[in-house]
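[1] fold the following, please.
(3 chains)
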Amino acid sequence: MMILQILDYVGTMAFAVSGALKGVRKELDIFGVVVLAVVTAIGGGTIRDTLLDLPVFWLADSTYVLLSLAMAIGVFVLFRLAQKTERSVLLFDALGLGVFTAIGAMKAGAAGLGVVGMVTMALLTGVGGGVLRDVLAGDVPVVLREEIYASASIAGGLIFALAAHVGLPEAVGVTVAVIITVAIRVVSIYMGWRLPSRPARKEDN
Amino acid sequence: MMILQILDYVGTMAFAVSGALKGVRKELDIFGVVVLAVVTAIGGGTIRDTLLDLPVFWLADSTYVLLSLAMAIGVFVLFRLAQKTERSVLLFDALGLGVFTAIGAMKAGAAGLGVVGMVTMALLTGVGGGVLRDVLAGDVPVVLREEIYASASIAGGLIFALAAHVGLPEAVGVTVAVIITVAIRVVSIYMGWRLPSRPARKEDN
Amino acid sequence: MMILQILDYVGTMAFAVSGALKGVRKELDIFGVVVLAVVTAIGGGTIRDTLLDLPVFWLADSTYVLLSLAMAIGVFVLFRLAQKTERSVLLFDALGLGVFTAIGAMKAGAAGLGVVGMVTMALLTGVGGGVLRDVLAGDVPVVLREEIYASASIAGGLIFALAAHVGLPEAVGVTVAVIITVAIRVVSIYMGWRLPSRPARKEDN
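    You can find the predicted model right below:
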């Protein structure tokens, strides 16, 4: 699955860009921008590997850290240009979400976990880095607040679990999970979909 | 110790409710409410198992995640009703604190740790989920600020360590730890006890 | 390397003091001050050991937790005095940063990791505790924002990796890493050095 490896690197770069953009906006110094980019890119997979008691993926392959580092420096130096590309970064970010989701579900399946394990590991891999990014930057994580983002990841995890349950080959499950996750995410961006929330303050008075 | 298992589930549900209530108050969408509930309910035990290098407990038994999920949806749908029950939820929450504390100390003891290990694992299991809940919601963790909450957990951990030291059976240690923790917590709620803090700002001028 | 063990305890105490001072300033109760002190002192090494899948260092040697506890209570009781010593605490803190950095790089090297692994583990050990301290206290981590702090740790990690690469004995690598990290940190304090950041808001309009 060399294609999965390449997509994984592309997703890593997209996540690093989103972390670096946030860092520059928060007026962090170059080091802070680099850290936020790296944490966003590898944070989710790190949480997953820690919980599954697997070797942490980026300790075995430095490419993830180095790619994130390169994207962070690029964003810092070319900030105006990077901002203009943010709309297209959203598409790569959706691709990253799909790939990270599928890899998380796959690793959970390989560890012998059931549906709940596959879905939670898909979700933690997909959104964990973004949550760490927002917490470090002092914001409430964006995935908790508004967008169809985590929901897309959960759907992808469920699809993978379903594919595994009916005995489809792993490559099919991964492919379908990536496609479903990316499709839900991209369509939700263009349609402006949101999940319901409750206007607690008004109602409570 | 089937009774301990049942109490563990009850505590999990109480913690999930406290997370879900916070999520609705912060006007999170349904997904954010679910995540906050699940993190509050299983966060402390997850930190404990990771540090002790044990298999993460909810990966082996999906009941914890599913119970938390159900409570979150219930709170979201029946928010007004859930709010009215918050006072009684406080009592279940105290029970959860006691059970989580005792389980943390017990797992640390089984791993061969001494007093410091038992107390810290009791504390991390008891309050870890609530700390993650507050950090994700953008608040300073409530256990750091005001109530006799963590102190009750520390007392429970110390009692368990003492019971283990004098050679009492584990079931006795667990029982006493639960009772002490719950008693301190419940009494402190009704008496309005607080630990001392220093009014730093005034004093510093 | 008994001297390294002693320096490690000294660094632990300095980090605990920085956590406790922050806790008192945030008007936390005595328990919150203790937790912030302990987390600051042992947080970085805990993250490192978890990612390297090593036994968590303070579970094997309770001295770290007990020293942190003692410093927290001391700062709480003698807050005015502790504040006056903060300038000298900065020097001990720099020593702690150097020692933690060197130990992180050394443990990564012993685990067979390459340059990226050694530098990231040096950094996580050196700054991880301070990041947790600031996140729990509701602040954006200071190392992301302003000072030559993490940069000193990265430099120390790189020096250790270089020393290991050219085959110098581990004790030499550790010594040089400590000296370089402390020197950069101390000089930057006295010279008021800062890394570049981008004034994002003005430029974006």
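
[2] apart from its chain neighbours, what residue comes closest to A:Val176?
    Leaving aside its sequence neighbours, A:Val176 sits nearest to A:Ile159 (C-beta to C-beta, 6 or more residues apart in numbering or on different chains; 5.4 Å). (Glycine included, C-beta is placed from N, CA and C.)

[3] isn't that neighbour up against A:Thr175?
    No - A:Ile159 lies out of contact with A:Thr175 (C-beta atoms under 8 Å); the separation is 10.1 Å.

[4] which neighbours do the two share?
    Common contact partners of A:Ile159 and A:Thr175 (C-beta atoms under 8 Å, 6 or more residues apart in numbering or on different chains): none.

[5] more neighbours: the two, which one.
    More crowded of A:Ile159 and A:Thr175, by other C-beta atoms under 10 Å in any protein chain shown: A:Ile159, with 23 against 18.

[6] what about that one, distance to chain C?
    According to C-beta to the nearest C-beta, to the nearest Å, A:Ile159 and chain C sit 30 Å apart.

[7] what's the answer for A:Tyr9, then?
    15 Å.

[8] so who does the residue nearest to the spatial centre of chain A touch?
    The residue lying closest to the centre of chain A (C-alpha atoms, centre = their mean) is A:Gly126, at 3.5 Å. Going by C-beta under 8 Å, 6+ apart, A:Gly126 touches A:44, A:97, A:100-101, A:104, A:150, A:153, A:156, A:181.

[9] so for A:Ala94, what's the nearest residue that isn't a sequence neighbour?
    A:Arg185 (4.2 Å).

[10] what's the helix or strand encompassing the one you found in contact with?
    Assigned by DSSP states H and E, A:Arg185 falls within helix A:170-191. Here helix A:170-191 makes contact (C-beta under 8 Å, 6+ apart) with A:1, A:4, A:7, A:90-91, A:94-95, A:97-99, A:101-103, A:105-106, A:109, A:122, A:126, A:147-149, A:151-153, A:155-157, A:159-160, A:163-164, A:193.

[11] now do 7 Å
    By C-beta atoms under 7 Å, 6 or more residues apart in numbering or on different chains, the residues outside helix A:170-191 that reach it are A:1, A:4, A:90-91, A:94-95, A:97-99, A:101-102, A:105-106, A:147-149, A:152-153, A:155-156, A:159-160, A:163-164.

[12] and for stretch A:32-42?
    A:12, A:15-16, A:18-20, A:22-24, A:28, A:58, A:64-65, A:68-69, A:71-72, A:75-76, A:129-130, A:132-133, A:136-137, C:144-145.

[13] again, but for stretch A:73-81
    A:17, A:20-21, A:24, A:30, A:33, A:82, C:198.

[14] any idea of the mean pLDDT for it?
    Averaging pLDDT along stretch A:73-81 yields 88.

[15] kindly check the end-to-end length of that stretch for me.
    13 Å (C-alpha to C-alpha, to the nearest Å).

[16] what are the buried residues along it?
    A:74-76, A:79 (16 or more other C-beta atoms under 10 Å in any protein chain shown).

[17] and of those residues, the nearest to chain C?
    Nearest to chain C among these: A:Phe79, at 5.8 Å, using C-beta to the nearest C-beta.

[18] now do the closest one against chain B, distance only.
    26 Å.

[19] and if you look at A:Val178?
    From A:Val178 to chain B the distance is 20 Å (C-beta to the nearest C-beta).

[20] can you check A:Val166 too?
    For A:Val166, the distance to chain B - C-beta to the nearest C-beta - is 20 Å.

[21] quick revisit: what mean pLDDT does the helix holding A:Arg185 get?
    Per-residue scores along helix A:170-191 average to 92.

[22] what comes up buried for that helix?
    Going by neighbour count (16+ other C-beta under 10 Å), the buried part of helix A:170-191 is A:170, A:173-178, A:180-182, A:184-186, A:188-189.

[23] and if you look at stretch A:83-103?
    A:83, A:89, A:92-103.

[24] can you tell me which of these end up in strands?
    Counting by DSSP state E, no part of the buried residues of stretch A:83-103 is found in strands.

[25] would you list those residues in a markdown table and tack on distance to B:Asp49?
    Formatted as a markdown table, those follow (distance: C-beta to C-beta, whole Å):
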| residue | distance to B:Asp49 |
| --- | --- |
| A:Gln83 | 42 |
| A:Val89 | 36 |
| A:Phe92 | 35 |
| A:Asp93 | 31 |
| A:Ala94 | 33 |
| A:Leu95 | 33 |
| A:Gly96 | 28 |
| A:Leu97 | 27 |
| A:Gly98 | 29 |
| A:Val99 | 28 |
| A:Phe100 | 23 |
| A:Thr101 | 24 |
| A:Ala102 | 26 |
| A:Ile103 | 23 |
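
[26] in helices only, show me the residues you listed.
    A:83, A:89, A:92-103 (DSSP state H).

[27] about what we covered before: going by distance to chain C, which of the buried residues of helix A:170-191 wins?
    A:Ile189 (21.9 Å).

[28] so where do the helices sit in chain A?
    So, for chain A - with DSSP H - the helices run A:2-25, A:30-51, A:57-60, A:63-77, A:79-84, A:86-110, A:115-136, A:142-145, A:150-165, A:170-191, A:200-204.

[29] how about TSV for the ones you listed, with distance to C:Arg48 added?
    Output for the helices of chain A, formatted as TSV (distance: least, C-beta to C-beta, whole Å):
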stretch	distance to C:Arg48
helix A:2-25	21
helix A:30-51	12
helix A:57-60	11
helix A:63-77	15
helix A:79-84	32
helix A:86-110	22
helix A:115-136	17
helix A:142-145	27
helix A:150-165	28
helix A:170-191	32
helix A:200-204	40
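
[30] which of those sits closest to B:Leu54?
    Nearest to B:Leu54 among these is helix A:30-51; the distance by C-beta to C-beta comes to 11.2 Å.
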